[in-house]
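Generate coordinates for the sequence data below:
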Amino acid sequence: MRVQSGKNGFGIDPILKKLFKKSKQNEDSLEDPWLEKISNLPTSTEVSFDGNTILIECRLDECCYASITRHPDAMYWVMEPELTTEEQEIIQQLKNRMLRTVLASNNGNLEQEILELMEKLAIDVSISSKNRIIYYLIRDFTGYGPIDPLARDVNIEDISCNGVGVPIYVQHRYLGSIKTNLGFEEENALDNFVAKLAMRCGKSVSVAKPILDAGMPDGNRVNITYGREVTQKGSAFTIRKFKPSAMSPVELIQHGTISPEMLAYLWTLIEYKSSIMVFGETGSGKTTLLNAFSLFIPPEKKIVSIEDTPEIRLPHENWTQLLTRASFSGEQAEITMFDLLKASLRQRPDYMILGEIRGEEAKTLFQAISTGHLALSTIHASSAADVIDRLTSPPMTIPLPLISNIGCLCHQITVHGKDGSLQRRTKSITEIVKKGNDIELKTVYKWNPQTGFEYYENSRLERARNVGLGWESNQLACIARRTGVEKRDIEEKMKQKAVILGEMSKCKVYDVAEMISYYYSNQNSL
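Predicted coordinates:
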């Protein structure tokens, strides 16, 4: 049935109105089983992925949910309400009107605008039908269109489309890479979709410039390849999602990512301004850990962060967040991480946070560290030795003596649990010890798949004196020499920090910022 202009002047056929009025009367007398089913499902944050559950269902929105099968072949099913032919026609009519009126009003309440427009057009439908119409309109106008349910799932980290006729894949926080039931079957539809994604970033893609890497208004990152100029299967895109709020150290402890003792050690290094670098492969949780222990920075200290994408989330007020910028027309307009790092040093920061080091900015960073600045950063590498190799090789080319100014290296990895779930672990914490013109790597903490988190020389703990930690840390000794504080006192404070974090984990207290503020104000009386 095709909707045509009627005498009412609003583009809705009077016969169609009567049809929907009759449908409304019949449907309003019955409960909507679809909404009833969804309302009884847990949200994506409440559902558990532990064990070997074959089918997992969770609510993504009032009108849609996810059904995830794990065995034998993992599949992510997006379940949305089906539209009748009449509802599809009404949605198309409303979209045409909204482009001219609603979106130009800047009211800010799109749902209310839709309801007012439906009333103006005398669209009389059932409540459940109205809910479905509003859901699809909001999904398409303010969300991510057909992939919006995937964007709503907080457990999904990446959304990837590899071309026309290929299923969309997602990277799930606990289940790894999973195929979905979504995809684009028409090339024009996919081209239009990626063009809209680019427009939301304030950019454009075309045959002349088919590659785009940009940030979305909601903080997500998108990479687009347009058309068949550089891809064989048509346009492709990857959306990397970021949580609006950072994962706290307490949550990392509860997830088994890191132990309270390891966090207490990192906290101590940050308190006494020793630099830390997190390394690992893509998706191993480097930025998550970096953001978590950045919360240990005293609240009154000045912080400057430098990133390509705004991933760092801090509650500190005395924090300047700097972002790189791509070139608009010529190299002079480009603002690189190197440019921002040089500018940040003139701001006299107490703490510098670099999202990732990979180029010429490393030289300036290590010069700053050698003059007393503290830096927290990440780097892509698969081992501590690989980190040293990357730092000493072009384009960074850092001299070995300068590398020893880094306090420690944290190694992040991803592993599969016994139930097949994806887990992140801090595999080790390694100190860099200067030995003449050379350096030595000393692992002080490690994660053992069989026994869990432990000190590296565990056998020595039994023979060690019942003093301090039972093992020698070069960094703690350096801090003691530099500050004049007894090493025993530093170790006792570190034990105290581990107890505090452990108790917060047990009691499910997640406000680390408040705890840090209280600790620094009352540490002498604790």
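
Going by C-alpha atoms from here, please, whenever you check contacts or count neighbours.
Fine.

Pro310 and Arg325 touch, don't they?
No: using Cα atoms under 8 Å, Pro310 makes no contact with Arg325, being 11.8 Å away.

where are the low-confidence patches of this protein?
Along the chain, segments meeting pLDDT under 70 span 1-31, 51-52, 100-108, 327-332, 455-471, 525-526.

Swap in 50 and give it another go.
1-30, 457-470 (pLDDT under 50).

Outline the domain layout of it.
With domains defined by automatic domain parsing, the chain comprises 1-142, 153-242, 249-521.

and the end-to-end length of stretch 244-257?
One end of stretch 244-257 to the other measures 20 Å (Cα to Cα, to the nearest Å).

Check stretch 391-404 too.
Start-to-end, stretch 391-404 (Cα to Cα) is 11 Å.

buried residues in it?
By neighbour count with 16 or more other Cα atoms under 10 Å, stretch 391-404 contains the buried residues Leu391, Met396, Ile398, Pro399, Leu400, Leu402, Ile403, Ser404.

Count the neighbours of Tyr174 for me.
Tyr174 is flanked by 19 other residues according to other Cα atoms under 10 Å.

Looks like Val278 contacts Lys286 (just checking).
Yes: contact criterion Cα under 8 Å: Val278 and Lys286 qualify, at 5.9 Å.

Give me the common contacts of these two.
Residues touching both Val278 and Lys286 by Cα atoms under 8 Å, 6 or more residues apart in numbering: Thr378, Gln412.

Find the residue at the geometric middle of this protein.
Residue closest to the average C-alpha location in the chain (Cα atoms, centre = their mean): Phe242, at 2.6 Å.

What residues does that one make contact with?
Residues in contact with Phe242 (Cα under 8 Å, 6+ apart) are Glu157, Gly219, Asn220, Glu311.

The last one: neighbouring residues, count only.
What it means is Glu311. Neighbour tally, Glu311, other Cα under 10 Å: 20.

Can you tell me the element it falls in?
For Glu311, there is no enclosing helix or strand under DSSP states H and E.

hmm, back to that, neighbour count winner among Pro310 and Arg325?
More neighbours surround Pro310 than the other of Pro310 and Arg325, with 18 against 15 (other Cα under 10 Å).

coming back round to it: now the residue nearest to the centre of the chain: how far from Gly215?
Taking Cα to Cα, one finds Phe242 at 11 Å from Gly215.

what do the two both touch?
With Cα under 8 Å, 6+ apart as the test, Phe242 and Gly215 reach no residue in common.

Helices along the stretch 201-350 of the chain, start to end?
249-254, 260-271, 286-294, 337-345 (DSSP state H, counting those that start in this stretch).

between those, which gets nearest to Glu431?
Shortest distance between Glu431 and these, using Cα to Cα, is found for helix 260-271: 11.2 Å.

Tell me the buried residues in that closest one?
For helix 260-271, using 16+ other Cα under 10 Å, the buried residues are Pro260, Glu261, Met262, Leu263, Ala264, Tyr265, Leu266, Trp267, Thr268, Leu269, Ile270.

Going by distance to Val509, which of those wins?
Nearest to Val509, judged by Cα to Cα, of these is Pro260 at 13.9 Å.

residues touching the closest one, list them.
Neighbours of Pro260 in contact, by Cα under 8 Å, 6+ apart: Ile253, Ala498, Val499, Leu501, Gly502.

do you know how far it is from Ala333?
Per Cα to Cα, Pro260 is found 45 Å from Ala333.

Then Leu35?
From Leu35 to Ala333 the distance is 52 Å (Cα to Cα).
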